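generate a structure from the sequence data that follows.
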Amino acid sequence: MTKLIRTLASAAVIGLFSAATAQAAEVKAGDLVIDQAWSRATPGGAKVAGGYLTITNKGAAADRLVSATADVSPRVEIHEMSMDGGVMKMRMLDKGLAIGPGKTVKLAPGGYHIMFQELKAPLKEGEKVPVTLQFEKAGSVQVTFDVQGVGAKAPGDTGGSMKRMDHGTMDHSGHGMKK
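Numbering: from 1, shown residues only. Now for the predicted structure:
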């Protein structure tokens, strides 16, 4: 019975630590709350990677994510993916990404995302990637992206057997590629 109590106590402490760790990943910039920042590991030779996160605007005025920078990549862009007549298109958002008052915008695979171009080295599972986000009103804020497995669908996902989108084969000019 004592072993069971110790096991349960250990599990409770680990659970509290995990909750505290997840809470620590939340970053605030003005009225914005940024959390769940993550990316996928990349195979050797990959020159691009996507970054994902959630931005909640708790204020009464709109803001805009206008740019991002990261040491892992000399060029970081804000992109949107969409389907148009069976063709997947990706385009850079030249004017950034609007975050309306009281709204939450999720950057996720298949939609809005941060695009790390010309990677200096592959992203490896378990790494932490510091990224500086620049907002129109809230200013500059540093966020740490947790690198998940190659096929991950969400933060904390190990990747499983999901086939991942290879951005390296996608036409970035806006012409798209046939699905």
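
which residues touch the residue most central in space within the chain?
With distances taken as Cα atoms, centre = their mean, the residue of the chain nearest its centroid is residue 52 (1.6 Å). Residues near residue 52 by Cβ atoms under 8 Å, 6 or more residues apart in numbering: 36, 37, 38, 39, 106, 107, 108, 109, 113, 114, 155. Backbone N, C-alpha and C define where each C-beta goes, glycine included.

check the spacing between it and residue 61 real quick.
25 Å (Cβ to Cβ, to the nearest Å).

could you do residue 113 as well?
In terms of Cβ to Cβ, residue 113 sits 25 Å off from residue 61.

looking at these two, which is more packed in?
Taking neighbours as other Cβ atoms under 10 Å, residue 113 and residue 61 compare with residue 113 leading, 24 against 10.

give me the beta-bridge partners of that one?
Judged by DSSP bridges, the bridge partners of residue 113 are residue 79.

which residue ranges of the chain form helices?
Taking DSSP state H, the helices of the chain run over residues 2-24.

low-scoring stretches of it, by residue?
In the predicted model of the chain, residues 1-24, 157-179 satisfy pLDDT under 70.

try it again with 80
For the chain, the stretches flagged by pLDDT under 80 are 1-25, 153-154, 156-179.

strands of that one, residue ranges please.
Listed in chain order, the strands of the chain (DSSP state E) span residues 27-29, 32-40, 48-57, 63-70, 75-84, 87-92, 97-99, 104-107, 113-117, 128-135, 139-148, 177-178.

what sits up against the fifth one?
Think strand 75-84. The contact list for strand 75-84, computed with Cβ under 8 Å, 6+ apart, reads 50, 65-70, 88-93, 96-97, 110-118, 131, 176, 179.

that strand: how far from the chain's middle?
Relative to the chain's own centre, strand 75-84 is displaced by 13 Å; criterion: Cα atoms, centre = their mean, to the nearest Å.

send me it as PDB with only the CA atoms.
Written as PDB, here are the backbone C-alpha positions of strand 75-84 (Å, rounded to 0.1, in the frame of the first residue of the first chain):
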ATOM      1  CA  ARG A  75      14.300  34.400 -43.700                       C
ATOM      2  CA  VAL A  76      11.100  34.000 -41.700                       C
ATOM      3  CA  GLU A  77       7.700  34.700 -43.200                       C
ATOM      4  CA  ILE A  78       4.100  34.600 -42.300                       C
ATOM      5  CA  HIS A  79       2.100  32.400 -44.600                       C
ATOM      6  CA  GLU A  80      -1.400  31.200 -45.300                       C
ATOM      7  CA  MET A  81      -2.300  27.900 -47.000                       C
ATOM      8  CA  SER A  82      -5.700  27.300 -48.700                       C
ATOM      9  CA  MET A  83      -7.400  25.000 -51.200                       C
ATOM     10  CA  ASP A  84      -8.600  26.600 -54.400                       C
END
